[in-house]
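K.L.:
I'd like to go over a predicted model; first the sequence, then the structure.
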Amino acid sequence: MKEENIFPGELLYPILVEANEAKRQTMDCYRALSNNLSNYQKTKDQSQRDEILSSVKKSAKNFLDAATNEKLTIAKSVAAIQCTILHKKVVTLSATGDSLILATILKDRNQEQLFKIRDIDNSPPDMHKKIDEFLVVPQRVDCNIGEKVLAIFPNMTAFYAAKLVGLPNPQNGYHYEVEFHDDIDETGKTPRRLVKNEEIVPFPRNPKIKELWREHLKY
């Protein structure tokens with residue numbers, strides 16, 4: 001998976017798959033136990049009840065084992081999430097929803113499955129976001145010239161839709177060169193703006209992110 005595609009749900013996909021699989025196995029074992037108990041209660045023949053009771057005991061053990069495994073898997077998943085994105089810089093909607101801002105993850109998920117996030121400008125209040133409501137800023141942006149990106153406008157802290165027109169090189173001081181949507185200079189042309197590596201992220205691809213941010217992705 002390319003790092004440019006990073007949003008937490010994608011970045012943590014293998015972790016989440018493992019946790020979901022453990023949960024599925026637990027539910028399968030629970031349904032098997034429920035069915036066996038139901039059959040035991042309905043059956044009047046003693047020989048059949050003895051046979052079903054054996055299945056009940058086996059399915060009960062399987063359920064307990066699966067539940068224990070699920071608990072351990074979830075604990076491992078939470079630890080992995082903490083190591084992966086805690087204190088990372090992210091792009092997310094501001095508290096007012098009127099801009100895309102650079103922020104930092106302060107704490108991992110609470111009981112409501114939300115992450116505590118703070119605007120990089122330390123502007124209150126802190127926000128609480130779901131894992132699929134922000135993009136992790138990658139260490140390296142692997143995009144091609146001509147692709148749409150999100151970048152911080154010079155001397156600001158908000159992200160805007162832009163087109164990548166130049167890659168880092170000695171001539172531009174190893175900055176990315178972008179053209180922002182609706183950015184017109186005094187000559188009536190769209191100027192090339194220089195942005196740092198930590199000020200640019202690939203255009204979001206996740207449908208939910210695109211829907212949440214649709215007003216800010218117009219280019």
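P.N.:
Cool, the structure landed.

K.L.:
quick one: the helices in this structure, in order.
P.N.:
Using DSSP state H, the helices found in the chain span residues 8-11, 13-42, 46-85, 207-212.

K.L.:
quickly, which of the ones you listed bottoms out on average pLDDT?
P.N.:
Of all those, the minimum mean pLDDT falls on helix 8-11 (a mean of 50).

K.L.:
looking at the helices of the chain, which is buried most?
P.N.:
Per residue and on average, the most neighbours among the helices of the chain fall to helix 8-11, with a mean of 19 (mean count of other Cβ atoms under 10 Å). For every residue, glycine as well, the C-beta is placed using N, CA and C.

K.L.:
residue 107 contacts residue 114, correct?
P.N.:
No - the criterion here is Cβ atoms under 8 Å, and residue 107 misses it with residue 114 at 9.3 Å.

K.L.:
skipping its backbone neighbours, what lies nearest residue 89 in space?
P.N.:
Nearest non-adjacent residue to residue 89, counting by Cβ to Cβ, 6 or more residues apart in numbering: residue 137, 4.3 Å away.

K.L.:
residues contacting that neighbour?
P.N.:
88-91, 102, 198, 201 (Cβ atoms under 8 Å, 6 or more residues apart in numbering).

K.L.:
from the residues you listed, which is closest to residue 127?
P.N.:
residue 90 (10.5 Å; Cβ to Cβ).

K.L.:
ok, and the closest non-adjacent residue to the closest one?
P.N.:
According to Cβ to Cβ, 6+ apart, the nearest residue to residue 90 is residue 134 (4.2 Å).

K.L.:
and what of residue 100?
P.N.:
residue 159 is the one closest to residue 100 (Cβ to Cβ, 6+ apart), at 4.0 Å.

K.L.:
beta partners for the one you found?
P.N.:
residue 100, residue 152 (DSSP bridges).

K.L.:
re earlier: so which of the contacts of residue 137 is the most crowded?
P.N.:
residue 201 (25 neighbours; other Cβ atoms under 10 Å).

K.L.:
was I right about that residue contacting residue 139?
P.N.:
No - counting by Cβ under 8 Å, residue 201 does not reach residue 139; the two are 11.3 Å apart.

K.L.:
tell me the confidence at residue 149?
P.N.:
Note on residue 149: pLDDT of 94.

K.L.:
mind listing what it touches?
P.N.:
141, 143, 161-164, 176, 178, 200-203.

K.L.:
follow-up on the earlier one: okay, and which of the contacts of residue 137 map to strands?
P.N.:
Residues of the contacts of residue 137 located in strands (DSSP state E): 89-91, 102, 201.

K.L.:
could I get those residues as a markdown table with distance to residue 148 and pLDDT?
P.N.:
Compiled in a markdown table, the ones in strands among the contacts of residue 137 are given as follows (distance: Cβ to Cβ, whole Å; pLDDT from 0 to 100):
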| residue | distance to residue 148 | pLDDT |
| --- | --- | --- |
| 89 | 20 | 85 |
| 90 | 19 | 87 |
| 91 | 14 | 91 |
| 102 | 18 | 90 |
| 201 | 11 | 90 |
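
K.L.:
of those residues, which is the nearest to residue 24?
P.N.:
Distances from residue 24 to the ones in strands among the contacts of residue 137, taken by Cβ to Cβ, are shortest for residue 90, at 29.5 Å.

K.L.:
how about stretch 204-214 as PDB, C-alpha atoms only?
P.N.:
Extracted C-alpha coordinates of stretch 204-214, given in PDB (Å, rounded to 0.1, in the frame of the first residue of the first chain):
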ATOM      1  CA  PRO A 204      -8.400  11.800  -0.200                       C
ATOM      2  CA  ARG A 205      -9.800   8.700  -1.900                       C
ATOM      3  CA  ASN A 206     -11.900   7.300   0.900                       C
ATOM      4  CA  PRO A 207     -15.600   7.900   0.000                       C
ATOM      5  CA  LYS A 208     -16.600   8.900   3.600                       C
ATOM      6  CA  ILE A 209     -13.800  11.500   3.800                       C
ATOM      7  CA  LYS A 210     -14.700  12.900   0.400                       C
ATOM      8  CA  GLU A 211     -18.300  13.300   1.400                       C
ATOM      9  CA  LEU A 212     -17.400  14.900   4.700                       C
ATOM     10  CA  TRP A 213     -15.000  17.300   3.100                       C
ATOM     11  CA  ARG A 214     -16.800  17.800  -0.300                       C
END
